[in-house]
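Novice: After the sequence you'll find the predicted model.
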Amino acid sequence: MPGKVDWLAHNLPVEGERPDAPIAGRVMRDDAVLCRPTDRIADVHESIERSPYPFALITSDDRTLLGRAPSSALDPASDRPVWDVAKPGPKTFRPHVSADKVARVLAEKGLRWAIVTTPEGRVLGVASREDLVRAGDPV
Amino acid sequence: MATRIWLEQLQELIDRGAQVVEVLPEDDYAPAHLPGAVNLPLRELDERHAAVLDRTRPVVVYCWDSL
């Protein structure tokens, strides 16, 4: 059942002493390339070239995350579906987790980007480790 | 009568004048809580504390993982 954690995880507005606390949901950006599993690799590659990220997120129609497609795995001339080269089940974070904690986990795992999703797995955005560290947590 | 609801129904209830109550401890409530929510920690909840609520309006009670 949903509760406060889900409210926060959906990045809905809150009140309180620290409503603007640096959490992943407030650091993330919603400008990553989203694609469907059946999209052509060449098309996805082209979209990534115009984006600030070296990957695309493969989702279902309701933005549920299925996998990640790194640009390094995409042949710009390939007509195959992007799912053929997908990395399924990438690590994700909920938006209510502190920026500090997410940055720490990324550093431990050698990752540069945090994919932020709802508890149901729907993509909310992407936060860079640099932005998470910069946002920090003063407490 | 108590009924479990989903997030979508919460806004509808608030729009209809529902009162929102967080029953978590003050330490959990203070940093961030749902807009307009009052704090009635479960451990302290009794008739006296509950008297702040308007009995004629719906009440939505929530904790960390339930509405």
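Specialist: Looks like it came in fine.
Novice: The spatially closest residue to A:Pro13 that is not a sequence neighbour: what's it in contact with?
Specialist: Using CB to CB, 6 or more residues apart in numbering or on different chains and skipping residues adjacent in sequence, the residue nearest A:Pro13 is B:Pro35, 5.8 Å away. For glycine as for every other residue, the C-beta is placed from the backbone atoms N, C-alpha and C. Residues in contact with B:Pro35 (CB atoms under 8 Å, 6 or more residues apart in numbering or on different chains) are A:Pro13, A:Val14, A:Glu15, B:Val20.
Novice: mind listing the strands for chain A?
Specialist: A:33-35, A:55-59, A:65-70, A:87-88, A:92-93, A:113-117, A:123-128 (DSSP state E).
Novice: Check the gap between the closest residue to A:Ser78 other than its chain neighbours and A:Val133 for me.
Specialist: Ranked by CB to CB, 6+ apart and with sequence neighbours excluded, the top spatial neighbour of A:Ser78 is A:Ile41, at 3.9 Å. Distance of A:Ile41 to A:Val133, computed by CB to CB, to the nearest Å: 33 Å.
Novice: Compare these two and say which is more crowded by neighbours.
Specialist: The neighbour count for A:Ile41 versus A:Val133, taken as other CB atoms under 10 Å in any protein chain shown, is higher for A:Ile41 (22 against 16).
Novice: wait, doesn't the more buried one sit right on A:Asp79?
Specialist: Yes: between A:Ile41 and A:Asp79 there is a contact under CB atoms under 8 Å: 7.3 Å.
Novice: Quick one: name whatever helix or strand follows the lengthiest helix in chain B.
Specialist: In chain B, taking DSSP state H as the definition, the longest helix is helix B:7-15. Downstream of helix B:7-15, the first helix or strand assigned by DSSP states H and E is strand B:19-22.
Novice: Sheet partners, orientation included, of that next one?
Specialist: Strand B:19-22 pairs in its sheet with strand B:38-39 (parallel), strand B:59-62 (parallel), by DSSP bridges.
Novice: Is the helix or strand following that strand in proximity to chain A?
Specialist: Sequence order places helix B:26-29 as the next helix or strand after strand B:19-22, per DSSP H and E. Yes: counting by CB under 8 Å from any CB of the partner chain, chain A is contacted by helix B:26-29 at B:Asp28, B:Tyr29.
Novice: Done for today, thanks.
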